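[1] Whatever this is, show me its structure:
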Amino acid sequence: MDLNADLGEGFGAWRLGDDDALLDIVTSANVACGFHAGDPSTMHRVCRAATDRGVAIGAQVGYRDLAGFGRRRIDYEPGELRDDVLYQIGALEAFCRAAGDRVRYVKPHGALYNTAAVEPGQADAVVAAIIAYDRELPVLCQPGSVLHERAAAAGLTAVGEGFADRGYLPDGRLVPRSRPDALVHDPDAVVERVTRMAVDGDVAAVDGSVVPSPVRSICLHGDTPGAVELARAVWSGLRAASIQVRPFTRPIP
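    Purely as a prediction, here's the structure:
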């Protein structure tokens, strides 16, 4: 099972989360590309730190929304969204190459992630950007989502992703962050959920129903209190269940 985290989400003098500590735990790093968070120096620093540790680097692409941290839905013209995503992948690729690696996959962030999960137009724009850049790049997204279906139909590798500390609705979507049950705070519950996703391929929704969740990667949020300790607990829980923790991607020559 792969463990991923959103990293490099500071901006200028402000840092969000402990990137270095999380890079010692996760196997894939979703690096912000400057639109919802991040800046050139932060991208450079995180790419180099990830490469030094053998952590796979993915382009965490988002809406052009620094003020809202990419969590506000934006209605884009499809071609404009395609080009914004393509721009972000290319920007991160420059810093990956400077660090001696390549972008290994693409993951939408925040509101773009949620919108592309249900709206064909935005899902198709993300898919078009990846195809224009490199159709060998996998896309990390929720299994069963519109993006997952559109990516697979276009011949891309769609990698199912689960969330360690997010509540699930009965239909498999994430509970909106505006609701009090959006996050799971109990570390033991988080570890149990992750192990269940890895072993059984499902997760309990907020109403107690069981949601199929065939995933190859688990997202650990790095911007919540106790994130590093929770990530260590998840890693230990997977190893205790005899589950190997490793990237879902292979190095790109």
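[2] C-alpha only now, for contacts and for neighbours.
    Noted.
[3] which residues in this protein form strands?
    Assigned by DSSP state E, the chain shows strands spanning 2-7, 28-32, 56-61, 105-108, 139-141, 158-163, 202-204, 210-212, 217-220.
[4] and residue 242, how many residues sit next to it?
    10 (other Cα atoms under 10 Å).
[5] Per-residue pLDDT of it, please?
    pLDDT, residue 242: 94.
[6] show me the biggest helix of the chain in terms of residues.
    Using DSSP state H, we find that the single longest helix of the chain is helix 78-98.
[7] Quick check, pLDDT for residue 251.
    For residue 251, pLDDT reads 66.
[8] go on, residue 15?
    So, for residue 15, pLDDT stands at 79.
[9] now the longest helix of the chain and strand 56-61, what's the angle there?
    If you take axes from the mean of the first three to the mean of the last three Cα atoms, to 10 degrees, helix 78-98 sits at 150 degrees to strand 56-61.
[10] okay, the angle between helix 78-98 and strand 28-32?
    Going by the same axes, to 10 degrees, helix 78-98 makes 120 degrees with strand 28-32.
[11] from here on, count from 26
    All right, first residue 26 from here; so that's helix 103-123.
[12] helices or strands next to helix 103-123 in the packing?
    Where contact means 3 or more Cα pairs under 8 Å, 6 or more residues apart in numbering; DSSP states H and E, helix 103-123 is packed against helix 65-78, strand 81-86, helix 145-158.
[13] relative to helix 145-158, how tilted is that helix?
    40 degrees.
[14] mean confidence for helix 103-123?
    pLDDT averaged over helix 103-123 gives 98.
[15] next one: stretch 160-169
    96.
[16] do stretch 211-230 as well
    Mean predicted lDDT for stretch 211-230 stands at 95.
[17] Using CSV, list the CA coordinates for that stretch.
    Only the C-alpha atoms of stretch 211-230 are listed here, as CSV (Å, rounded to 0.1, in the frame of the first residue of the first chain):
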residue,chain,number,x,y,z
ASP,A,211,-9.4,9.3,16.9
PRO,A,212,-6.0,7.8,15.9
ASP,A,213,-7.1,4.2,16.7
ALA,A,214,-10.2,4.6,14.4
VAL,A,215,-8.0,6.1,11.6
VAL,A,216,-5.6,3.1,11.8
GLU,A,217,-8.5,0.6,11.8
ARG,A,218,-10.0,2.3,8.8
VAL,A,219,-6.8,2.3,6.8
THR,A,220,-6.1,-1.3,7.6
ARG,A,221,-9.6,-2.2,6.6
MET,A,222,-9.2,-0.4,3.2
ALA,A,223,-5.9,-2.2,2.6
VAL,A,224,-7.1,-5.7,3.6
ASP,A,225,-10.8,-5.8,2.8
GLY,A,226,-11.1,-3.0,0.2
ASP,A,227,-13.9,-1.2,1.9
VAL,A,228,-14.6,1.6,4.5
ALA,A,229,-17.5,2.4,6.9
ALA,A,230,-19.5,5.5,5.9
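[18] If you count neighbours, what's buried in that stretch?
    Residues of stretch 211-230 classed as buried: 212, 215-223, 226-230 (neighbour count, 16 or more other Cα atoms under 10 Å).
[19] Show me the contact partners of that stretch.
    If you take Cα atoms under 8 Å, 6 or more residues apart in numbering as the criterion, stretch 211-230 is touched by 26, 187-190, 192-195, 197, 209, 235-241, 243, 255, 258-259, 262-263, 266, 268.
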